[in-house]
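Colleague: sequence and predicted structure below; questions after.
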Amino acid sequence: MFERPRAGERAILVQVAIGQPLEPDAAAEFRLLAKAAGAITLAEITAARHAPEPRLFIGSGKAAELRDAVVATAAELVIFNQPLSPAQERNLERHLQCRVVDRNGLILDIFAQRARSFEGKLQVELAQLRHLSTRLVRGWTHLERQKGGIGLRGPGETQLETDRRLLGKRITQLNERLARIEAQRTQGRRARARAEVPTLSLVGYTNAGKSTLFNRLTAAGVFQADQLFATLDPTLRRLPLPEAPAVVLADTVGFINQLPHELVAAFRSTLQETRSAQLLLHVVDAAAEQRDRRIADVDAVLTEIGVDKLPRLLVYNKIDQLPGQSARLDRNADGQIERVWLSAADGTGIDLLLAALAEIFRGTLVQRRLVLGPGEGGLRSWLYGNARVLTEAATEQGGWELLVEVSDAQAARHLDARTDAPRPAVDVGERPGFSQDAEAGTDVETGPARPSGTPGDSAAQPDPGAARLNTGVQ
């Protein structure tokens, strides 16, 4: 029997093409995955098959070649670029007399190294245990032994059965902890929904530059590096938009071809930020040779988690690596924005992205001139937090007269159907620049409104005494 070693990073990479030639981009990506996990590559063996061999995944001749390479290089680990069944892993380890890790196990190991937050570590541990639960029947000889000793011999629980029971108990504990964390995240999403703050979610292939773009937009300072899966833990920040309501931007984990299902299931609370978003910013590495394939891989994961129907804006990043490529906006035949070309590294085209987002979330803006009573400070505070206050003046009754710019949906919900106001608010209606006096019922010319932030317009600045809603976003 083979006693499975617990350490060793000296590895041989095995790249198997099933049913089609091995793509250079996929082969290079697999080398980067092994490097990201800390493996020291000693050799690389390639193979091509129409279908996997049931027992060893590769043919007997290639398995013999692989065993000779393991002996010649004193390799401690063999990594396959394809998912292996538990039986295939066990048979390969017995044949090669060293550890065997498939693509899923490799990605799980990278996630375990990258996880920083308490939630991220729990999610990775849950994914690892689910992966391990189907692989307990392996080459470990101690798992097949019964507990022995004086007074303990006879029929009893084997070590394998004990490990299965303990593993199931630990999975239950992790699910309960993650459920509590998900409840906290749900409260934050409800608070943002009450405050009517739209959420944008950055999605895309790993190492496409999502965290770099996130830092460029929000100055959040999250970790960014030119490596696969540099960021696992979700980060949310408020993003002001020019002449439009502010939004919340979420940076999430990157995707990859053949993303393990255990990770998708374990990271369901993290991916919930994507499911609850009003718009997905799909960040694409414009300089990647196989960018169309990567877009398709991301679309497949988005379909798996149930967000393929959400509105999406393609953001082609890294144009600084494309000679002659400049920042631009691409629109469809209906005039809607489909793609933004930019470079998050040097900031080229960031202004175009912000303008595009403002155009999308601005919607149909209407102006309303409101007369609020002294007891309507809450509505005034909401207006400063969710609308553009163009002008404000105090009334003789101790209230306020404001000219605000707000989306038609918010106006219909918060202004047009007010029933609890001590003094009715009146709006400009279909005649911009005019207001109906609340008491005399006469038309009063208001003149053109100055844009928010005009020098000398103190009313355009946020009210320092306005109440802040707790949205869970810094």
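Modeller: Looks like it arrived, so ask away.
Colleague: for the protein, which segments are assigned as helices?
Modeller: Secondary structure of the chain (DSSP state H): helices at 24-36, 60-73, 86-96, 103-114, 118-133, 159-194, 210-218, 261-266, 268-275, 291-304, 350-362, 377-386, 408-410.
Colleague: tell me which of the ones you listed is the most buried.
Modeller: By mean neighbour count, with neighbours taken as mean count of other Cβ atoms under 10 Å, helix 210-218 ranks first of those at a mean of 23. For every residue, glycine as well, the C-beta is placed using N, CA and C.
Colleague: how far out from the middle of the chain is that one?
Modeller: In terms of Cα atoms, centre = their mean, to the nearest Å, the gap separating the centre of helix 210-218 from the centre of its chain is 13 Å.
Colleague: just to revisit the earlier point, any chance of the helices of the chain in TSV, with distance to Ala250 and mean pLDDT too?
Modeller: As requested, the helices of the chain are arranged in TSV below (distance: least, Cβ to Cβ, whole Å; pLDDT from 0 to 100):
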stretch	distance to Ala250	mean pLDDT
helix 24-36	24	87
helix 60-73	43	94
helix 86-96	36	91
helix 103-114	18	85
helix 118-133	14	81
helix 159-194	10	78
helix 210-218	9	91
helix 261-266	17	69
helix 268-275	4	70
helix 291-304	14	89
helix 350-362	14	90
helix 377-386	19	85
helix 408-410	22	71
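Colleague: looking at those, which is closest to Val14?
Modeller: For the helices of the chain, distance to Val14 was read as Cβ to Cβ. The smallest value, 6.6 Å, belongs to helix 60-73.
Colleague: run the angle between that closest one and helix 86-96 for me.
Modeller: Between the direction of helix 60-73 and that of helix 86-96, the angle (axes from the mean of the first three to the mean of the last three Cα atoms, to 10 degrees) works out to 50 degrees.
Colleague: backbone dihedrals for Ser243, please?
Modeller: Slight slip there: residue 243 is Glu, not Ser. Dihedral angles of Glu243 (phi, psi; degrees, to the nearest 10) stand at phi 50, psi 40.
Colleague: mean confidence for stretch 310-330?
Modeller: For stretch 310-330, mean pLDDT is 93.
Colleague: residues contacting Leu129?
Modeller: The neighbours of Leu129, taking Cβ atoms under 8 Å, 6 or more residues apart in numbering as the test, are Leu167, Arg170, Ile171, Leu174.
Colleague: so which of the helices of the chain is nearest Pro242?
Modeller: Checked against Cβ to Cβ, the stretch from those lying closest is helix 350-362, at 5.0 Å.
Colleague: for the closest one, which outside residues touch it?
Modeller: Applying Cβ under 8 Å, 6+ apart, the set of residues contacting helix 350-362 from outside is 198, 200, 216-217, 239, 241-245, 247, 279, 313, 315, 327-329, 337, 340-342, 344, 407.
Colleague: ChimeraX command for the buried members of these?
Modeller: Filtering these down to the buried ones (16 or more other Cβ atoms under 10 Å) takes a single ChimeraX command:
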select :198,200,216,217,239,241,244,245,247,279,313,315,327,329,337,340,341,342,344,407
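Colleague: middle-most residue in the chain, spatially?
Modeller: Thr252 (2.1 Å; Cα atoms, centre = their mean).
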